Structure formats: structure tokens, C-alpha cells
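[1] Sequence unavailable; structure follows:
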Ligand code: AP5
């Protein structure tokens, strides 16, 4: 699998990417998770990314492109990968295309999770996230364990600061302006498959699997 999973904030990319990547035996490469980890560790990358993330803006292209280049050159990505949250702009997509062409491993699939705005707002307002392994929960549809700790790794769950309603609105605007144009970009290459992201998690997973070509 050499695939991109795209979609608006809260569409379920992280939820689905964890399952699909595990099933295919490839790494899930999530730029949001990498940036949050760097922020927590207080690295120069994390300090640079923080103000953009807190406002709901995109981190500059050069920063995330550098980060992805380094990640996809690692050995575990040689047999495939599932990108979650990257690319998010046309320049990011172009850089990815060049990198993969150079490695002789072109993209096979771009899956777009389609979820309407009312559902997104509901999902993000109830989300709790594991700051360590990135696993998302939802207070109603996927309730966290009673002790408030991640079922996979035992870390205390948190509400993400960028899930505040005003920041969610900013992220939705940024998605419409900068990321939605990627639909046409990948459709023109014959790679894009749009998948309905509403309904139980397992049903959405089955639709995504059916849409994969590679
Ligand atoms: P990032 O972490 O990538 O955030 P996002 O794209 O806004 O996506 P989310 O993580 O919010 O949502 P998701 O689609 O993964 O949904 P989830 O599975 O959690 O990026 C954060 C920030 O980092 C950006 O704003 C930017 O600043 C920066 N950044 C990252 N990548 C970048 C890049 N390439 N370029 C520049 N900047 C970048 O699900 C959401 C909730 O819904 C959960 O509670 C979940 O349990 C629930 N849920 C999931 N599926 C279902 C379902 N089927 N039914 C009901 N509930 C569901």
C-alpha cells in the first residue's frame, strides 16, 4: 500500500488510518501526530509548529515537506505507507510526487473521506486523544475507558487544544481554501476515490478497503 488518506478535520482519518495501516503492515505517517509529539518534546520543530497549530493554520510547506522526506526514506516505509494529513496543499502534493518518483515508488491510491460539516463539529467537540500513540476516542461513539487512560498504551487522554469551536472553524476554512483543491489535482491523475465517511467506524473501514486499488 502506498496511499494518502485525506479529508476535512475530524473526518476520521486518524481512526481509519490506524486500522488500515495495521492491516496492511505498513506505517501510518500522520503529520499532525509527528508535529504534536515534537511540540510536547519542545524540539525546535515543535516550537516552530505550535503557534500555527494553535491558530488552526497550516505549518509552512517547507517544514512539513522536509519532515515527510525524512520519514519516507526510513526503512520501514520501503514496503509501503499510509499518509494521514499530508499532503495538504498543492505544493506539498507536488513535492511528494517528486520524492516518490525519485524513489521509484509512486502513489497507488488517494482516498478522500467525505463527511458533512455538522458531523465534523459533533465529532471534534467530543474527541479525546492519546497524546502518546495518537489513538482517538469519542465521548459518545467510542467512549474512553473509565479511568480516562488510553486502552492501547495507558497514557492519560486529553482534549486537543485545536478542537475548541473557534479553532475548528478556522481549520475548516483552511481546509476549504488550501486542501480541497487537491481533489482536482489527484482526480486529474486518476488516483482519487471519494468514500462516504458517515456511519459506524467498521462500515467506513470496509468502504475504504473496497476503494483501494493498489
Ligand atoms: P491533524 O492532526 O492532521 O488534524 P486534522 O487534519 O484537522 O484531522 P484531525 O486529526 O482533527 O481529525 P481526523 O480526520 O484524524 O479524525 P479522527 O479520526 O481523530 O493536524 C493538526 C494540525 O497540524 C493542523 O491544523 C496543522 O496546523 C498541522 N498540520 C498537520 N499536517 C500538516 C500538513 N501536511 N501541512 C501543514 N500543517 C499540518 O476522528 C475525529 C473524532 O471523530 C474522534 O473523536 C473519533 O473517535 C470520531 N469518529 C471517527 N470516525 C467516526 C465515525 N465513523 N462515526 C462517529 N465518530 C467517529
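    On my side now, so go ahead. Because the structure is a prediction, the values reported are computed rather than measured.
[2] From here on, just use CA atoms for contacts and neighbour counts.
    Fine.
[3] near the ligand, anything from the helix ranked longest in the chain?
    When the chain is parsed with DSSP state H, its longest helix is helix 90-103. No: if you take Cα under 6 Å from any ligand atom as the test, helix 90-103 misses the ligand, and the best it gets is 7.3 Å.
[4] Sort out which residues of that helix are buried, please.
    90, 92-93, 95-96, 99-100 (16 or more other Cα atoms under 10 Å).
[5] What is that helix packed up against?
    helix 61-72, helix 182-188 (3 or more Cα pairs under 8 Å, 6 or more residues apart in numbering; DSSP states H and E).
[6] Include distance to the ligand and mean neighbour count when you put those into TSV, please.
    Output for the helices and strands packed on helix 90-103, formatted as TSV (distance: least, Cα to the nearest ligand atom, whole Å; neighbours: other Cα atoms under 10 Å):
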stretch	distance to the ligand	mean neighbour count
helix 61-72	6	16
helix 182-188	12	15
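[7] Can I get those in TSV including mean pLDDT?
    Putting those into TSV (pLDDT from 0 to 100) gives the following:
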stretch	mean pLDDT
helix 61-72	94
helix 182-188	96
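[8] of those helices, which approaches residue 113 most closely?
    helix 182-188 (11.1 Å; Cα to Cα).
[9] Tell me the helix or strand right after that closest one.
    Once helix 182-188 ends, the next helix or strand along the chain (criterion: DSSP states H and E) is strand 192-196.
[10] interface residues of the protein facing the ligand?
    Contact residues, the chain versus the ligand (Cα under 6 Å from any ligand atom): 9-15, 31-33, 52-53, 56-60, 64, 85-88, 123-124, 126-128, 136-138, 141-142, 171, 198-201.
[11] Only whichever of those are buried, select them in ChimeraX.
    Only the buried entries of the residues of the chain next to the ligand go into this ChimeraX selection, using 16+ other Cα under 10 Å:
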select :9,10,11,12,13,14,15,31,32,33,53,56,57,58,59,64,85,86,87,88,123,124,126,127,128,136,137,138,171,198
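[12] Lovely, talk soon.
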